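# pasting the structure only:
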């Protein structure tokens, strides 16, 4: 009887301990159902036609879940959690780590001007001398995306990074350094040049040795060639808002620190685990806790409650609240650090909730540039599921021009072709009768108006609207570019000979009428 009583006490103690531990477990972790995450991702891939995706979830410094679905390339090769994908802007979080390592080593100081380390660095504005390392990390240098765009380049040579930064000498400043948020990839490209200059190593080599190596990121690469050797996922674009097509979009080496690194979902999970554990991964330490804390601190306001830290957007973790429950003030919500990567043929997402130790890495080897908010909704809905809540329908935020830019470009092309046909019809007919000169004159005037509108839309309005160069729009929006190129050719090359030809015929008709 005594032994039975002792056993009963042990069972009761274990039950009480389990109950206590369960009660202390955060809601996001208690009853976590990763199958729900996988099911949601499969459903979204089927609904939207997404080619392939991989996910990794970490908690308290440990990867607790990883999965992959769909195909990595047109051959049907399966996507895996180890498949490298072009990261786009989530590359910035890795560059920020490298910068803070150099700060810890005493080779860089955050509030020192960039010109201290790169005496040749300048922009077409004397205020550029005041740009500091911290300004670059917080996207507060005053540079604009449009004036510093590089994304249309196809350069893959090792000198491309520094030469592209040197070429910024012709770029103006959009604002006062340190005065506000101006997102530009060039900020992090300059940081990459700083790292390679003060470390004495090419930036890609530095990352492989001091970031990828210690974090066991064996499927992460600084160059396209290295990623291809590791069976990188092919990139897909959604054409005409209808179908996905494997598409080659430029990924220049000049954008390595900001946009064109490659990594797998599992490797990104390792990076998140290290940051959430104060800079430690396994037996390696990539940063001191104080440096990680500095990285997480938002110093620039983007809008409302949204800020920007060092390579991370910050905001309240609204996904931790049940959308059907009573509204919770944003000041009482945990902090979320996140960054999305948007390229013409890839979408990536990284998120961290330091208060709960939760980290999420999602990579998709495709992008819908007309309505990227559909993919962004997947990011936030996975966060909701991880916090025990149901996903919500996607809300399309893009304006009409972005959503239907391919249709606008196609309509312009059809109008230009029609204008060409009408012009040739009148011009090849020969001389007009003296009393019938109004019709060809009207056709010529309308054609000039169409050409002027096309050039204004392509060269002025669209670049200003998307804050980039026309060349980037053509390369990063392939379904738009395929129509815009012939539109521009017709609008630039044909008007002058058409007008001269038309005027010559009208003059000849007048001469004939007088005689």
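Nice, I can see it. None of these values were measured; they are calculated from a predicted model.
# if I look at the residue lying closest to residue 183 once chain neighbours are set aside, how far off is residue 78?
Closest residue to residue 183 apart from its sequence neighbours, by Cβ to Cβ, 6 or more residues apart in numbering: residue 139 at 5.1 Å. All C-beta atoms are positioned from the backbone trio N, CA, C, and that covers glycine. Distance of residue 139 to residue 78, given as Cβ to Cβ, to the nearest Å: 37 Å.
# the strands in the stretch 1-150 of the chain, which residues?
Assigned by DSSP state E, counting those that start in this stretch, the strands in the stretch 1-150 of the chain fall at 52-59, 62-70, 85-86.
# Out of these, indicate the one that is most buried.
Ranked by mean neighbour count under mean count of other Cβ atoms under 10 Å, these are led by strand 85-86, which reaches a mean of 31.
# returning to what we had before: could the strands of the stretch 1-150 of the chain go into a markdown table alongside distance to residue 392 and mean pLDDT?
Shown next, in a markdown table, are these (distance: least, Cβ to Cβ, whole Å; pLDDT from 0 to 100):
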| stretch | distance to residue 392 | mean pLDDT |
| --- | --- | --- |
| strand 52-59 | 19 | 97 |
| strand 62-70 | 21 | 96 |
| strand 85-86 | 26 | 98 |
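# Quick one: closest of those strands to residue 112.
In terms of Cβ to Cβ, the element of those nearest to residue 112 is strand 85-86, at 32.3 Å.
# And that closest one, what does it pack against?
If contacts are counted by 3 or more Cβ pairs under 8 Å, 6 or more residues apart in numbering; DSSP states H and E, strand 85-86 sits against strand 262-263, strand 346-353.
# Listing partners with orientation, what would you give for it?
Partners of strand 85-86 in the sheet, by DSSP bridges, are strand 262-263 (antiparallel).
# Just the mean pLDDT for the helix or strand hosting residue 419, thanks.
Element membership for residue 419, per DSSP states H and E: helix 405-428. Averaged over helix 405-428, pLDDT sits at 90.
# cool, stretch 135-151 as well?
pLDDT averaged over stretch 135-151 gives 94.
# and what of stretch 112-123?
97.
# And the pLDDT for residue 290?
98.
# can you check the one 3 residues further on too?
According to the model's per-residue confidence, residue 293 sits at a pLDDT of 97.
# and the next element down the chain from the helix or strand it falls within?
In the assignment (DSSP H and E), residue 293 maps to helix 289-296. Using DSSP H and E, the helix or strand that follows helix 289-296 in sequence is strand 300-303.
# which other helices and strands contact that following strand?
strand 306-308.
# got JSON lines for the strands of the stretch 1-150 of the chain, with distance to residue 400 too?
Compiled in JSON lines, the strands of the stretch 1-150 of the chain are given as follows (distance: least, Cβ to Cβ, whole Å):
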{"stretch": "strand 52-59", "distance to residue 400": "28"}
{"stretch": "strand 62-70", "distance to residue 400": "30"}
{"stretch": "strand 85-86", "distance to residue 400": "28"}
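# Residue 202: which of those is closest?
strand 85-86 (19.8 Å).
# so where's the chain uncertain?
Counting by pLDDT under 70, the low-confidence segments of the chain come to 1-32, 430-438, 509-515.
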